[in-house]
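Enquirer: Got a sequence here, can you build the structure:
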Amino acid sequence: MVSKILVVDDNPELQDLIRSALAHKGYDVLTADDALQGLELIAAEKIDLALLDVMMPGMDGLTMLSQLREHNENLRVIIMSALNTPETAISALRDQACDFLSKPFEMQQLLSAVESALELNPPDTNIEVLSARPEWIELRVPCDPAAIDPLERLMSQLKTDLPRETRDNVIYAFREMLRNAIEYGGKNDPKKCVEVGYIHTPRVIIYRIKDPGEGFLIESLNHAAILNPEGDPLHHQKVRTELGLRPGGFGILIASNLMDEMIYNERHNEVVLIKYLDGDLLKPNHDIPKP
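Expert: Below you'll find the predicted structure:
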């Protein structure tokens, strides 16, 4: 069955580019020049996914999304915006946008986001927002791998004031540990959820990730790079092959190197990641998280 996608954007050139790219992939594409026209089309047609620009004359895309949610809780929505602020990302999160694309974007980024969004199955895959302030975010994320990329893009909008390298390192560490929580703690079961907390002050960024699993022992992670024997950096890959696991296993090692502190609870189903933003702060000197 062909998916029907609505593009709402007041820029005719961009609208045509998006329509052409989506049609080339076999999607049925409708377009609207403003929010009111878009809402009319959503009321009249069975839309599978809507792409909404934020800055439009009259009603903006975020207001449109908010109004849309009053009557349609499950329509998948991707927000497109050149207004890349924490407030924009938080508003999109709160009203259940399933992805956020910063303009300008490559058309391949959009196609990838569309494909990921169509894999989601709302409301089962909706992210629940428990707290939404730029400095304090709390989320409940379904254990669906399809939620990882969109959430990464949305969360990256909360760090626009950071140097590019720091922002990339922090979001990569977050991504790896979220993937571990969803895959190993939640067994990729969308009916289970991972709790995600985020705190950002001028001096520190803190992530808290709690999975629904029973936890683990560090010494049992033979499939992870963090326990590779000295002189055998790929030992864990042999173990993963024997266990039938996907290639990888570097998540904990990479995250512990990118962040300044990484602390587990006793059960090891909850981890806190800490990145200091003040160069004068004393940073602990350890290579791997303490068991």
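
Enquirer: just the CA coordinates of the helix or strand encompassing residue 275, formatted as PDB?
Expert: Taking DSSP states H and E as the definition, residue 275 sits inside strand 270-276. What follows is strand 270-276, C-alpha atoms only, in PDB (Å, rounded to 0.1, in the frame of the first residue of the first chain):
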ATOM      1  CA  GLU A 270      20.500   2.700  35.000                       C
ATOM      2  CA  VAL A 271      23.400   4.900  33.900                       C
ATOM      3  CA  VAL A 272      24.300   8.500  34.400                       C
ATOM      4  CA  LEU A 273      26.500  10.300  31.800                       C
ATOM      5  CA  ILE A 274      28.300  13.500  32.900                       C
ATOM      6  CA  LYS A 275      30.100  16.000  30.600                       C
ATOM      7  CA  TYR A 276      31.700  19.000  32.300                       C
END
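
Enquirer: Make 30 the first number, not 1, from now on.
Expert: Happy to do that; since the first residue is 30 now, the last one works out to strand 299-305.

Enquirer: who does it touch, helix- and strand-wise?
Expert: Of the remaining helices and strands, those touching strand 299-305 by 3 or more C-beta pairs under 8 Å, 6 or more residues apart in numbering; DSSP states H and E are helix 193-209, strand 233-239, strand 290-293. (Glycine included, C-beta is placed from N, CA and C.)

Enquirer: Any idea which of these gets closest to residue 227?
Expert: strand 233-239 (5.8 Å; C-beta to C-beta).

Enquirer: quick one: buried residues of that closest one?
Expert: By neighbour count on 16 or more other C-beta atoms under 10 Å, the buried set for strand 233-239 is 234-239.

Enquirer: Check stretch 291-302 too.
Expert: For stretch 291-302, by 16+ other C-beta under 10 Å, it's 291, 293, 297-302.

Enquirer: if I pick residue 34, what's in contact with it?
Expert: 51, 56-59, 76-80, 143 (C-beta atoms under 8 Å, 6 or more residues apart in numbering).

Enquirer: hmm, which of the residues you listed are the buried ones?
Expert: When these are checked for burial by 16+ other C-beta under 10 Å, the buried set is 51, 56, 58-59, 76-80, 143.

Enquirer: quick revisit: the strand holding residue 304 versus helix 193-209: what angle between them?
Expert: Orientation check (axes from the mean of the first three to the mean of the last three C-alpha atoms, to 10 degrees): strand 299-305 against helix 193-209 gives 180 degrees.

Enquirer: got any ranges where the stretch 30-179 of the chain has weak pLDDT?
Expert: For the stretch 30-179 of the chain, the stretches with pLDDT under 70 are 153.

Enquirer: Residue 51 reaches residue 60, doesn't it?
Expert: No. Between residue 51 and residue 60 there is no contact under C-beta atoms under 8 Å: 10.1 Å.

Enquirer: shared neighbours, the two?
Expert: Listed as contacting both residue 51 and residue 60 by C-beta under 8 Å, 6+ apart are residue 36.

Enquirer: Helix, strand or coil: sort out residue 226 for me.
Expert: When classified by DSSP: H, G, I helix; E, B strand; the rest coil, residue 226 comes out as strand.

Enquirer: on that earlier part again, turn the helices and strands packed on strand 299-305 into TSV, including distance to residue 34 and mean pLDDT.
Expert: Converted to TSV, these look like this (distance: least, C-beta to C-beta, whole Å; pLDDT from 0 to 100):
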stretch	distance to residue 34	mean pLDDT
helix 193-209	26	91
strand 233-239	32	96
strand 290-293	40	93
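
Enquirer: Distance to residue 215 for those - can I get that in TSV?
Expert: Converted to TSV, those look like this (distance: least, C-beta to C-beta, whole Å):
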stretch	distance to residue 215
helix 193-209	10
strand 233-239	11
strand 290-293	17
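
Enquirer: what's the closest of these to residue 89?
Expert: So among these, helix 193-209 is nearest, using C-beta to C-beta, at 25.8 Å.

Enquirer: how far away is residue 287 from residue 237?
Expert: According to C-beta to C-beta, to the nearest Å, residue 287 stands 16 Å off from residue 237.
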